[in-house]
Every structure is written in structure tokens, then in C-alpha cells.
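Peer 1: I'll drop the sequence and a predicted model, then ask my questions.
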Amino acid sequence: MILPIGLFDSGVGGLSVLRAIRQQIPAQPVIYFGDQAHVPYGIRSLEEVRAFAAAITTFLLQQGAGLIVVACNAASAAALNYLRQVFPGVPFVGMEPAVKPAAETTHSGVVGVLATPATFQGQLYASVVERFAQGVTVLQDTCPGLVGEIEKGNLDGAETRAILERALQPMVEAGIDTVVMGCTHYPFVIPLIEDITGPSVRVIDPAPAIARQAGRLLAQRGWLAAGDTPARPRFITSGDPRTMAALLPVLIGEEACVEKAVWNKDSIFLT
């Protein structure tokens, strides 16, 4: 039996993970939910994010998903352990800042992490740094406003560049040779990041590793779709479907219809 991946984010950032999944397991059906009514999650309380994540998981399971990918660093930090307790029979894959590979491969001993406040404040991030970054200097920045610019499709405009220059130039001056994408929105501006930092700084996008883990879990359960014929994802948003539809060609190079969902207290319904 082939079961779809249910994949969610506060907005369009999780499309960077969907892109990686489609590159590695193109035939796998995917249901993507962008909670654009509540974007960004990175500035919200842990309790709010947990409530959103639980409701979205319930909705995606109702739509037929078997495996859930929490394609949002803030939601993973706030809610991943909670979701595994609430839905004990459901396999989850969450985002973890790729501090371990950065720390293992740095030559300068200085790495940068770009993420939202919720990720930096979460126990998951603190645990990763404590376990894997001993003896490494970890510089971090929340890039205020960057998620909003990416949600508008502004991947290389003046404001986006200014946000990234404010974050990255002090890190480059401090000697970073690696920078980690700690928010699923941020891989969409990797070309701009590389232009700012130069070729001596490696940029780590965790999305391919997330896609590999999803594939392994699907295969273990007999849910993995074989073949190279791409399955057409379903796209659902709690925001404006026209806004998300306009961003799909910009972010992942394809056009698709986007379904509209609405929140009713703690539940989600298609309109």
C-alpha cells in the first residue's frame, strides 16, 4: 500500500523539503499544508505552535497521509516530541539544525547558524549544540524579516540582501567556514547567501537528509512508491490559495492549483 507523505510548515518554507523529497522519491504522493494564516511560527509561543502542529497532523491523517514530515524548524523544536506522544502510531520526521555535520567538517572551528527565535530557544537546538559542537564556536542570527520576504517571493531583492548581509558579514569577519540553514525558508536564498559569503563558506541545507529519512521510514512500512514518474503533490493553505499558487513557480518551478483550508477553533476543514 502506498501512503502519501503529509508535510507541513507555517508557510512556504517547507517547499524546500518537498523539493528534496521529489528529487529523491519522485513517485511518492505528498500532501503539503502551509499554515499561512499563522505564519511565521518562529515568533510564537511553544504552546501555540504545539496546538497548531497537532491540529495539522490530525488534518493530514484525515486526508490519508501515513508519514508526517514536520518541515518547519520552529514546529520541530516546539512540538516534535509532543506529536510523537499524542500520535504514538504515526511515524514523524522533523527538522534538526545540521550543527553536527557543520561541526565535524569545519576547518576554522567557527560555524554560523541562521534560524528563527523559536528554534534557538528550543531544547532540541540546545541539545544538538551541547552534544556535537564541543570545541566549536557557533555564531547565530535570527535574520528578522527574512521569512516574510521569502513568503513574498523576494529571493534576491534589496531588502532580502540587506537582512542577510547584517547577519552574515559579522560571521564572515569572525572566521566562519560553514553556515547552517536552521529554517526551511532559508534554502531558497542560498544563491544570495553564497554571493555574500563567497566560495570559502560552505552552506548546509538539511532538506536532502530529511528526504532520505522519510524514504527509509516509508520503505520500512511498505509505503514507498517506486519508479521515476513524478506524482503531483496536493497543495493546501490556510491563507490565500492565489498567493501560494503564485509562489510555486518561483520556489519549486511548477504550477499547481492550491486548495483552501480554514481553521475552526482547533480544527481544520477544506472549503
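Peer 2: Received it, and whenever you're ready, just let me know what you need. Numbering: from 1, shown residues only.

Peer 1: CA only for contacts and neighbour counts going forward, please
Peer 2: Fine.

Peer 1: For the protein, just list every one of the strands.
Peer 2: For the chain, applying DSSP state E gives strands covering 5-9, 30-34, 67-70, 92-94, 110-114, 137-141, 178-181, 202-204, 234-237, 258-264, 267-270.

Peer 1: can you put the ones you listed in JSON lines and add distance to residue 192?
Peer 2: JSON lines is the format used below for these (distance: least, C-alpha to C-alpha, whole Å):
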{"stretch": "strand 5-9", "distance to residue 192": "22"}
{"stretch": "strand 30-34", "distance to residue 192": "24"}
{"stretch": "strand 67-70", "distance to residue 192": "26"}
{"stretch": "strand 92-94", "distance to residue 192": "26"}
{"stretch": "strand 110-114", "distance to residue 192": "14"}
{"stretch": "strand 137-141", "distance to residue 192": "16"}
{"stretch": "strand 178-181", "distance to residue 192": "13"}
{"stretch": "strand 202-204", "distance to residue 192": "11"}
{"stretch": "strand 234-237", "distance to residue 192": "27"}
{"stretch": "strand 258-264", "distance to residue 192": "28"}
{"stretch": "strand 267-270", "distance to residue 192": "36"}
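
Peer 1: Please identify the deepest-packed of those strands.
Peer 2: Among the strands of the chain, strand 5-9 has the highest mean neighbour count (mean count of other C-alpha atoms under 10 Å), at a mean of 28.

Peer 1: Make CSV out of the strands of the chain and add mean pLDDT and distance to residue 212.
Peer 2: Shown next, in CSV, are the strands of the chain (pLDDT from 0 to 100; distance: least, C-alpha to C-alpha, whole Å):
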stretch, mean pLDDT, distance to residue 212
strand 5-9, 98, 13
strand 30-34, 98, 15
strand 67-70, 98, 12
strand 92-94, 97, 10
strand 110-114, 98, 22
strand 137-141, 97, 26
strand 178-181, 98, 17
strand 202-204, 97, 15
strand 234-237, 98, 21
strand 258-264, 97, 26
strand 267-270, 97, 29
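
Peer 1: Please identify which of those strands is closest to residue 193.
Peer 2: Evaluated with C-alpha to C-alpha, these place strand 202-204 nearest to residue 193, the distance being 8.2 Å.

Peer 1: Just the buried positions in the one helix or strand in the chain whose mean pLDDT sits lowest, please.
Peer 2: Here the helix or strand of the chain ranked lowest by mean pLDDT, DSSP states H and E is helix 117-121, holding a mean of 85. Buried residues in helix 117-121, defined by neighbour count with 16 or more other C-alpha atoms under 10 Å: 117, 118, 119, 120.
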